[in-house]
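**Q** sequence first, then the predicted structure, then my questions.
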Amino acid sequence: MGSSIVSRTLSVHKEHEVLLKLEAAGFTDELAQRVIDSKGNDLAAKVVRLITNGGFEPTTSQKRAREIMGRNMFGVEEAITHFGVTPSRQQIAGLSEIPWSVATLERAKETHVLVAVFPLSILEIRGKVATQASRLFYDQDWYNKQAFAKEKDETEWKLVRKTPVANSTSKTWPEQQALLATNEETPTARVMVYTIIGHFLATGERLFKKIYVRCSDVGSDGYRVRVGHFDSDGLHVAYLWVGFRNDDIGVSAARKSE
């Protein structure tokens, strides 16, 4: 008999409060029976997911994108879970439609990460993941007072390349920019850090593990910011003269919205 007892996580008092809230919202005996009869406890699981996501429900456009991109999508749900984001209604509305066609996503599903970027600065991201078991940022403080590390920008979708632009190593910044396709741009360091750290938290995959990529930002000295070498020591944020060439420095890229 003892083996049939369900392990409880809520007190009787709290369960009563939850039921009162549900009933006040229109939860009836008939709806309760639907939850009980739901195959595989599916309805209850959906309710838990909805609460976990702060009431967020993906749109048809977002669901289709996830079907295509799979693990290469860091969406609103992942931002809530891994970065503790609490999206506003305006932010959710702004992210409702994916700004790329199905055909574009199909072509990019193995080479890019589709990212719902919320206005978190590099310093804020670093602070949010400081307690993670794995070291996610290399121990640096040079950029603590840099403007690029404090910028937040806007909430938007980004389609970020998972690798440097082809043949972009051992080239200067101008030479690297000439390699970008007309539908590409070099993202900010903030977007790259957000993507690299977020993707790792969601999938365990380390992007740019043995290479740096230049970003669009410049530091206070005018040098171009670069990120990468995301190994067990954590993600490095560095800077470099635009004319410098090295075989471990490429350039980052993201698709422009269509």
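**A** All right, it came through fine.
**Q** per-residue pLDDT, the nearest residue in space to T155 that is not next to it in sequence?
**A** Nearest non-adjacent residue to T155, counting by CB to CB, 6 or more residues apart in numbering: Q91, 4.5 Å away. C-beta here means a position set from N, CA and C on the backbone, and glycine is covered the same way. As predicted, Q91 sits at a pLDDT of 95.
**Q** show me where the protein has its strands.
**A** For the chain, applying DSSP state E gives strands covering 73-74, 112-117, 156-161, 184-185, 212-218, 224-231, 234-240, 249-251, 254-255.
**Q** from memory E151 sits against E124, does it?
**A** No - here E151 lies out of contact with E124, judged by CB atoms under 8 Å, at a distance of 10.4 Å.
**Q** helices of the stretch 1-150 of the chain, start to end?
**A** 12-24, 29-37, 42-52, 60-69, 76-83, 89-94, 102-108, 122-128, 147-150 (DSSP state H, counting those that start in this stretch).
**Q** which one of these has the lowest average pLDDT?
**A** helix 42-52 (a mean of 54).
**Q** OK, contacts around the residue lying closest to A202 once chain neighbours are set aside?
**A** Leaving out its chain neighbours, the residue that sits closest to A202 by CB to CB, 6+ apart is E78, at 4.9 Å. Neighbouring residues of E78 by CB atoms under 8 Å, 6 or more residues apart in numbering: 116, 198, 201-202.
**Q** and those, which is closest to L136?
**A** Nearest to L136, judged by CB to CB, of the contacts of E78 is L201 at 8.0 Å.
**Q** so what's the closest residue to the closest one other than its chain neighbours up against?
**A** Leaving out its chain neighbours, the residue that sits closest to L201 by CB to CB, 6+ apart is H82, at 4.1 Å. Contact analysis of H82 by CB under 8 Å, 6+ apart lists 198, 201-202.
**Q** what about those residues, which one has the most neighbours?
**A** Of all those, G198 has the most neighbours under the rule other CB atoms under 10 Å, reaching 25 neighbours.
**Q** and that residue, how close does it get to L114?
**A** 11 Å (CB to CB, to the nearest Å).
**Q** identify the contacts common to those two.
**A** Going by CB under 8 Å, 6+ apart, residues that sit against G198 and also against L114 are F74.
**Q** run the angle between the longest helix along the chain and strand 156-161 for me.
**A** Ranked by number of residues, the top helix in the chain under DSSP state H is helix 189-203. For helix 189-203 against strand 156-161, the angle by axes from the mean of the first three to the mean of the last three CA atoms, to 10 degrees is 80 degrees.
**Q** farthest pair in the contacts of E78?
**A** A116 and L201 (13.7 Å).
**Q** where does pLDDT dip in the chain?
**A** 1-8, 10, 12-23, 25-27, 30-32, 34-35, 38, 42-56 (pLDDT under 70).
**Q** which parts of stretch 234-243 are buried?
**A** For stretch 234-243, the neighbour count (16 or more other CB atoms under 10 Å) marks 234-240 as buried.
**Q** pick the one among the residues you listed closest to E57.
**A** Closest to E57, out of all of those and judged by CB to CB, is L235, at 32.1 Å.
**Q** E110 versus the nearest residue to the closest one once chain neighbours are set aside, what's the distance?
**A** Using CB to CB, 6+ apart and skipping the chain neighbours, the partner closest in space to L235 is F137 (5.4 Å). According to CB to CB, F137 stands 27 Å off from E110.
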